[in-house]
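K.L.:
after the sequence you'll find the predicted model.
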Amino acid sequence: MAVTTEQARQWKARFEGERSEAILRWALSEFHPDIALASSFSMEDIVLIAMMADVRSDARIFALDTGRLHEETYETAEGVRRMLGVRIEWYFPKRAAVEELERNKGLYSFRKSLENRHECCRIRKVEPLSRALSGLRAWVTGQRREQAVTRRGMELLEVDEAHDGILKLNPLSGWTEQEVKEYVRKRGLPVNRLHDMGYPSIGCSPCTRAVAPGEDPRAGRWWWENPEHKECGLHARNAGGNDRRKKGEGEE
């Protein structure tokens, strides 16, 4: 069910400056069970899972298994599931689409052009996300403004026009990296061990590398591309409002 721009504006004004926990408590009371957190098991996502589980043990969490994640990411997901007692709803790409892509273009087509990379992300991430969000009235992300140039204008709450006008919440949008790390440390939450190996931002294995000290945190994502292109299409507004879903994707 779509929310109106006026509703989003009022909610944003109401919660601007509020603690993330208060925003999530309200969102869960307002929208559960039609609200879910999209998790890639970044530190930000794990912070939000902990906050949501504090409010409701049955808070909905979903994740996208692209088929090319790091083993360390699976280990982190399992650690979160066990420690926080949450149920994780996994979504996978459509088998036929992956088979066609790899048979026709090989295993690394995404490194040949921006168009090819968007195609791979669309098949492995964007289409499964559309299915995950189907029927929801709101979703939660762990995005922060300081993460990337493409995220500087992110709102605390916004209408997600790319996904049928549902509400999109970014409760950590104003947090710093240090605040995230401090929350994780205080609560003793599981953390992807790749972070200690120089990976501040973690995506699919072939598209993520470690970064050098002082390098931009997103420099290790799609490192062969310019910074303004470093979005996968999950957050269409960040990529200039371009919804890369093809007609029919997200439908069974």
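P.N.:
Nice, I can see it. Numbers count the residues shown, from 1 in each chain.
K.L.:
next, count neighbours for residue 127.
P.N.:
Around residue 127 sit 24 other residues, with neighbours defined as other C-beta atoms under 10 Å. C-beta here means a position set from N, CA and C on the backbone, and glycine is covered the same way.
K.L.:
next one: residue 224
P.N.:
Residue 224 is flanked by 11 other residues according to other C-beta under 10 Å.
K.L.:
report pLDDT for it.
P.N.:
Looking at residue 224, its pLDDT reads 81.
K.L.:
could I get the contacting residues of the spatially closest residue to it that is not a sequence neighbour?
P.N.:
Leaving aside its sequence neighbours, residue 224 sits nearest to residue 111 (C-beta to C-beta, 6 or more residues apart in numbering; 6.2 Å). By C-beta atoms under 8 Å, 6 or more residues apart in numbering, the contact set of residue 111 is 117, 206, 224.
K.L.:
the second one against residue 110, yeah?
P.N.:
Yes - with contact defined as C-beta atoms under 8 Å, residue 206 counts as touching residue 110 (7.5 Å).
K.L.:
between those two, who's got more neighbours?
P.N.:
residue 110 (25 against 13).
K.L.:
pull the contacting residues for that one.
P.N.:
For residue 110, the contacting residues are 116, 117, 119, 120, 121, 206, 207, by C-beta under 8 Å, 6+ apart.
K.L.:
and these, which is closest to residue 100?
P.N.:
Within these, distances to residue 100 taken as C-beta to C-beta reach their minimum at residue 119, with 10.7 Å.
K.L.:
surely the closest one meets residue 100?
P.N.:
No - Residue 119 is beyond contact range of residue 100, at 10.7 Å (criterion: C-beta under 8 Å).
K.L.:
who has more neighbours, the two?
P.N.:
residue 119 (19 against 12).
K.L.:
after the host helix or strand of the more buried one, next one along is what?
P.N.:
Residue 119 belongs to helix 114-121 when assigned by DSSP states H and E. Note on helix 114-121: by DSSP H and E, the next helix or strand toward the C-terminus is helix 127-133.
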